[in-house]
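>>> This is a predicted model, with the sequence first.
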Amino acid sequence: MTFQDRSTLLDKYGIKWTQDQEWRGEVGPNRKPHPIEVFQRVLLPLSPVEWLSCCMSDGSNYVGGCCGAMSALQDRLNHIFRFDSGWASGRELAEMAQIIIEHGDFEGFIPWDKTADNFIPVDKLRVNTQNLNPWDKISLCWHLIDGFYSAEVPHASHPDRTELQRSTYVLGNAMHYLSMCNLFENNPIKAPDSQERANRATLLARVLPALKLLNDNIDQLDLGPVKGWALIDTNQGPDEVATNGFGYCIYAERTEAETLYQTWVREAEEYEEIERKQHLADHLKIRPVQVTAQDGIQFTGPLESLSPDPPQDK
């Protein structure tokens, strides 16, 4: 079907859509926008009830609880609903289609892996009637713009990375892949033996040079030693450094560590005694520390109590 055929069907189905355009001509009064045969976005034709059924975890059309693939699919649909008021771009619909087809198509009236040429006549299908569920309607939108949307152009991955950055990237992905292979090595659904062996050989061909490069240039990653103060969780032991969302709680200035400690204390004291968390003062201490790439975390002094009052800058 041509772009015109598809836009006509979208109109007959009552699906709103926008068309992309580009400015042509030299800069000046004669430069004008020129419509191109590319669908920019479509407004998914779902009613408020259907949106809720798809986006609420207890909705009849919610799919996010099945597996990681369906969770990713659900995230995309919720993003369209929350941030774009139901308007879906061609790229978003393409990503959703890929997830669904690779996962295993839904048993719907309009399969995601069929082309728009197989649609039944418009006079026998109305988007706003009960013969289509929400995912069928989204599939209909996808097929009608497939081939005429702004697809993502393939490009090299991070061409501006240094050789050392590329090697660490390769190693990180390789270690993750190998760990997943170990996790699923007893899975009865396995790739053919030759394919699995080829994947492993290709992986090692990338890993071995990356390991050598990393070893030869490891000094470039060392930011230098750190001297400061570490918050210690004595519930775990006298040398167990506490962590938060940013990693180890190690700070160059003692006042910085104690300011964070005071924030936690104020929060704990907001709770009534019957529901109160264990008071941080009972098990958080502070200790001088030095951290180097050669020796890791080394303590340079004994445990000390944290100040019960907010620290005062000298």
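All right, it came through fine. Quantities reported herein were computed from a predicted structural model and do not represent experimental measurements.

>>> Strands along the stretch 201-314 of the chain, start to end?
Using DSSP state E, counting those that start in this stretch, the strands found in the stretch 201-314 of the chain span residues 226-233, 243-244, 247-248, 250-251, 284-292, 296-299.

>>> Which of those sits closest to Arg24?
With CB to CB, the closest approach to Arg24 among the strands of the stretch 201-314 of the chain belongs to strand 247-248: 51.6 Å. Placement of C-beta: from N, CA and C, glycine included.

>>> which neighbours does the closest one have in its sheet, and in what orientation?
For strand 247-248, the paired strands and their directions (DSSP bridges) read strand 243-244 (antiparallel).

>>> Name the residues that touch the partner strand?
Cys249 (CB atoms under 8 Å, 6 or more residues apart in numbering).

>>> Just the terminal-to-terminal distance for stretch 242-253.
The stretch stretch 242-253 measures 16 Å between its terminal residues, going by CA to CA, to the nearest Å.

>>> List the buried residues of it.
242, 249-251 (16 or more other CB atoms under 10 Å).

>>> And the residues you listed, which two are furthest apart?
Longest distance between any two of those is 11.4 Å, between Ala242 and Tyr251; criterion CB to CB.

>>> where do the contact lists of the two overlap?
Ala230.

>>> Other residues contacting stretch 34-42?
Contacts of stretch 34-42 (CB under 8 Å, 6+ apart): 3, 6-7, 10, 15-24, 84, 87-90, 93, 141, 144-145, 148-150.

>>> for stretch 284-303, same thing?
Taking CB under 8 Å, 6+ apart as the rule, stretch 284-303 contacts 218, 221-222, 225-234, 238-239, 241-242, 248, 250, 254, 257-258, 261, 264, 304-306.

>>> out of the residues you listed, which are buried?
Taking 16+ other CB under 10 Å as the criterion, what is buried in the contacts of stretch 284-303 is 228-233, 241-242, 250, 254, 257-258, 261, 264, 306.

>>> Kindly provide the distance from the spatially closest residue to Val170 that is not a sequence neighbour to Tyr169.
Nearest residue to Val170, sequence neighbours excluded (CB to CB, 6 or more residues apart in numbering): Ala210, at 4.5 Å. To Tyr169, Ala210 is 9 Å away according to CB to CB, to the nearest Å.
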